[in-house]
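*Asks:* Dropping a prediction and its sequence here:
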Amino acid sequence: MRWLGALIGLVVLAMVVFALMFQWNWLRGPVSRYASAQLQRTVVIHGALTAHPWSWTPSATAEDVTVAEPAWAGPGQMATLPRLTLSLDLKALIFRGKVILPLVDAEHPNVAMRRDASGRNNWTFGPPSATPQPLKLPPIRHFTINDGRLVLDDARRKLHFAGRVSSNEQLTGWGRGRFTLTGWGTLNATPFLAQVLGGPLINVDPDRPYAFRSDVRAGATHVIAQGTIAHPFDLGDMQAELHLTGPDLADLYYLTGLALPSTPPYDLVGHMTRDEARFDITHLSGRIGSSDLAGHVVANEVGGRKNLTGTLASRRLKLADLTAVIGGAPRGALRGTIASPKQKAVAAKLAAEHRILPDTPLDISRLNAMDGDVRYRAESVDAGSLPVRQVIMRARLDHGLLTVDPFSMVLPQGALAGDIRIDARKSTPAEGVDLRLSHARVETLLRSPKGPPVEGDLEGRARLASVGDSVRAAAANAGGTVVVAIPRGQMRQRLAELMGVNVTKSLFMYLAKDNKPTPIRCAVAEFQAHDGVLTTQRLLIDTGVTQAEGKGVIDLRNETLNFVLAGKPKKFRLIRIAAPITVKGRLGSPKIGVDVGKAAGQLGVGALLGALVSPFAAILPFVAPGTARDADCGALLAEAARHGAPVSAAS
């Protein structure tokens, strides 16, 4: 027993001597090497290292700590901490197996975060992961940050941000006793401001949600989020109410990494829930331009690629709001219509150039950076003079291939439906359009206060392919076939007589306001497109009283058209001017007229004969016997059907 007592006394004496003589600085090297191995970059404690181990909450303080940049970022420090104090809850660790930090105290920390254009960042520790993980720290009951500095340089998002971070309860004024982050910078060369306000970081309960509010402004884009983090310091589990406003949804790319379409100004709200890399936005509602929008979208990231899915709907869509999707501007953008500054600039440019096709380039890098599958439906449509009832579409994006299928505009009778493809997997995008107009009626498209001038079935199909990085460039390279047909119907006889330019007959009917109809036996227009020029292969309108044939071109390169339509009466007409009808000019404002140059010779010969022969001879050049026969509509429609027009042969 004496020997045992002496041994215990010796051990106690050795421990006392060790405690009196031990220098915690001796552990700076081992601790630095351990931290370097865990973070996979050099960590050095340059100053003193002290500890207070004899407690259920042992603590340690390190001074002048530096954390180096990862190897790919070159020399320099990612973080410097003049003083850092940590404590550990041993009871929670021993009895519950949970790591809880009762105290984290950082004095004047300075952190520089960076990401290069390829996506490498210096805030991801450990081996690289295909799916980025959100920040997840152990629960901290008392977290003090005294005058911290944060700098973020993100080449991928074109973001430069410099801010101050604090959670010091000794502060006075705004943010006293709370976590605050305030900073300024630029995002895609526009002013950027961020403010984040959290609850007090004192006596934080790891099992109780932590409230926060963030306010971010990037140029005219404004995003407010107010919600809670389910478990403090685990940013992968949170929910918030969102309010987003801005001039163009496409501008959110640099904040979210999502390649959203260009839109008019928007004002949207929704409930956001985050589960690791998945963001669900439910109860989405608000307005885009003059159209309402509601639905549910999910943003996720797998294998380094963003993915967006969802279902959206509008009770009423203003069709002009869709022009922004193709880089254009709604009509009237310069006269008060809801439009962003960028769309107003596009409208001004188009007006100055007297064009309607926009030349805004497509950003193919964005299309190649994400995938998606979004369905959209508009229950009613404001399309101006166009009788569109509904719009239904599904857009899918898969590694740079964008497919809109189905795309459907429902009319009062019939529909315009088909698919659109944009292949952005190459340096120059390739486009394809296949649209069918089926079971439609002419009178729904050619409305008139005095009744429709033309009535009948309307069928058609357009199959075009092209390459180009804008709508204008794609149109200028388009090739394919366009066919439109009226297999049966009727039109005002006075309009049909005008196609034969029968002066006496049509003038009398106009003066008498005669709306007598005449049947349309068939009408076919077929175009072949090559390098943006649509040339008529067949243009024929056959009615009960006249038959008109025409030719011409639609030049999409300079957005002009030039048509000549010459008609022949089917019955003898005493007085007739054999002058063709012309349609020419720009696509946005074509002019309809009569080629009087063709009739000038007739008038001159008539005057000469009238002077030299007799008054009756003066009208001889105007006499035109009826020589035209009914067109072979069955053959014409069968040929149109072979080119893809969904028509049926007339009897």
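*Replies:* Received it, and whenever you're ready, just let me know what you need. Residues are numbered from 1 along each chain as shown.

*Asks:* who touches stretch 261-271?
*Replies:* 239-250, 281-290, 293, 321, 324-325, 327, 330, 338-340, 342-343, 360 (C-beta atoms under 8 Å, 6 or more residues apart in numbering). Bear in mind the C-beta positions are built from the backbone N, C-alpha and C, glycine included.

*Asks:* as a whole number, average confidence for it?
*Replies:* Computed over stretch 261-271, the mean pLDDT rounds to 94.

*Asks:* and what of stretch 359-372?
*Replies:* Mean predicted confidence for stretch 359-372 is 88.

*Asks:* for stretch 143-161, same thing?
*Replies:* 87.

*Asks:* And it, what's buried?
*Replies:* Using 16 or more other C-beta atoms under 10 Å as the test for burial, stretch 143-161 gives 143-146, 148, 150, 152-154, 157-161.

*Asks:* Of the contacts of stretch 261-271, which count as buried by neighbour count?
*Replies:* For the contacts of stretch 261-271, buried by 16+ other C-beta under 10 Å: 239-240, 242-250, 281, 284, 287-290, 293, 321, 324, 327, 330, 338-340, 342-343, 360.

*Asks:* Name the helix or strand for the residue nearest the centre of the chain, please.
*Replies:* The centre of the chain sits closest to residue 261, judged by C-alpha atoms, centre = their mean, with a distance of 0.6 Å. Secondary structure assignment for residue 261, by DSSP states H and E: no helix or strand.

*Asks:* Repeat that for residue 273.
*Replies:* Using DSSP H and E, residue 273 falls in strand 266-275.

*Asks:* Quick one: name whatever helix or strand follows that strand.
*Replies:* Following strand 266-275 toward the C-terminus (DSSP H and E): strand 278-288.

*Asks:* Alpha carbons of that next one, as PDB, please.
*Replies:* The C-alpha trace of strand 278-288 is given here as PDB (Å, rounded to 0.1, in the frame of the first residue of the first chain):
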ATOM      1  CA  ARG A 278     -32.800  21.200 -54.500                       C
ATOM      2  CA  PHE A 279     -34.900  24.400 -54.500                       C
ATOM      3  CA  ASP A 280     -38.700  24.100 -54.700                       C
ATOM      4  CA  ILE A 281     -40.600  27.300 -55.400                       C
ATOM      5  CA  THR A 282     -44.300  26.700 -54.700                       C
ATOM      6  CA  HIS A 283     -47.300  29.000 -54.800                       C
ATOM      7  CA  LEU A 284     -45.500  31.000 -57.500                       C
ATOM      8  CA  SER A 285     -47.700  33.900 -58.600                       C
ATOM      9  CA  GLY A 286     -47.500  37.400 -60.000                       C
ATOM     10  CA  ARG A 287     -47.100  39.200 -63.400                       C
ATOM     11  CA  ILE A 288     -44.700  39.200 -66.300                       C
END
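
*Asks:* and it, average pLDDT?
*Replies:* 95.

*Asks:* same deal with stretch 586-596?
*Replies:* 74.

*Asks:* ok, and the helix or strand in the protein with the lowest average confidence?
*Replies:* One helix or strand of the chain scores below all others by mean pLDDT, DSSP states H and E: helix 596-612, with a mean of 45.

*Asks:* how near is residue 157 to residue 262?
*Replies:* 18 Å (C-beta to C-beta, to the nearest Å).

*Asks:* Same question for residue 563.
*Replies:* Taken as C-beta to C-beta, the span from residue 563 to residue 262 is 34 Å.

*Asks:* who's more crowded, those two?
*Replies:* A direct count of neighbours by other C-beta atoms under 10 Å for residue 563 and residue 262 places residue 262 higher, at 22 against 19.

*Asks:* Please report how far that one lies from residue 285.
*Replies:* For residue 262, the distance to residue 285 - C-beta to C-beta - is 21 Å.

*Asks:* ditto for residue 188
*Replies:* On the measure of C-beta to C-beta, residue 188 and residue 285 end up 27 Å apart.

*Asks:* Ok, residue 456 next?
*Replies:* From residue 456 to residue 285 the distance is 42 Å (C-beta to C-beta).

*Asks:* cool, residue 200 as well?
*Replies:* In terms of C-beta to C-beta, residue 200 sits 33 Å off from residue 285.

*Asks:* One more: residue 295?
*Replies:* Residue 295 is 8 Å from residue 285, by C-beta to C-beta.

*Asks:* Could you do residue 123 as well?
*Replies:* Residue 123 is 34 Å from residue 285, by C-beta to C-beta.

*Asks:* do residue 118 as well
*Replies:* 37 Å.

*Asks:* what is the rounded mean pLDDT of stretch 25-36?
*Replies:* Mean predicted lDDT for stretch 25-36 stands at 86.

*Asks:* any idea how far that stretch is from the chain center?
*Replies:* 51 Å (C-alpha atoms, centre = their mean, to the nearest Å).

*Asks:* Mind listing what's buried along that stretch?
*Replies:* So for stretch 25-36, counting by 16+ other C-beta under 10 Å, buried means 28, 32, 35.

*Asks:* can you redo these as a markdown table with distance to residue 73?
*Replies:* Shown next, in a markdown table, are those (distance: C-beta to C-beta, whole Å):
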| residue | distance to residue 73 |
| --- | --- |
| 28 | 25 |
| 32 | 20 |
| 35 | 18 |
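
*Asks:* Where helices are concerned, which of those count?
*Replies:* Members of those lying in helices (criterion: DSSP state H): 28, 32, 35.

*Asks:* Send over stretch 409-421 as PDB, restricted to the C-alpha atoms.
*Replies:* Extracted as PDB, the C-alpha positions of stretch 409-421 are listed here (Å, rounded to 0.1, in the frame of the first residue of the first chain):
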ATOM      1  CA  MET A 409     -52.100  28.100 -80.500                       C
ATOM      2  CA  VAL A 410     -55.700  27.200 -80.300                       C
ATOM      3  CA  LEU A 411     -58.000  29.200 -82.600                       C
ATOM      4  CA  PRO A 412     -61.800  29.600 -82.500                       C
ATOM      5  CA  GLN A 413     -61.800  26.800 -85.100                       C
ATOM      6  CA  GLY A 414     -58.700  24.800 -85.600                       C
ATOM      7  CA  ALA A 415     -55.100  25.300 -84.300                       C
ATOM      8  CA  LEU A 416     -51.600  26.300 -85.300                       C
ATOM      9  CA  ALA A 417     -49.500  23.500 -83.900                       C
ATOM     10  CA  GLY A 418     -46.100  21.800 -84.300                       C
ATOM     11  CA  ASP A 419     -42.600  21.800 -82.900                       C
ATOM     12  CA  ILE A 420     -39.600  24.100 -82.800                       C
ATOM     13  CA  ARG A 421     -36.000  23.000 -82.300                       C
END
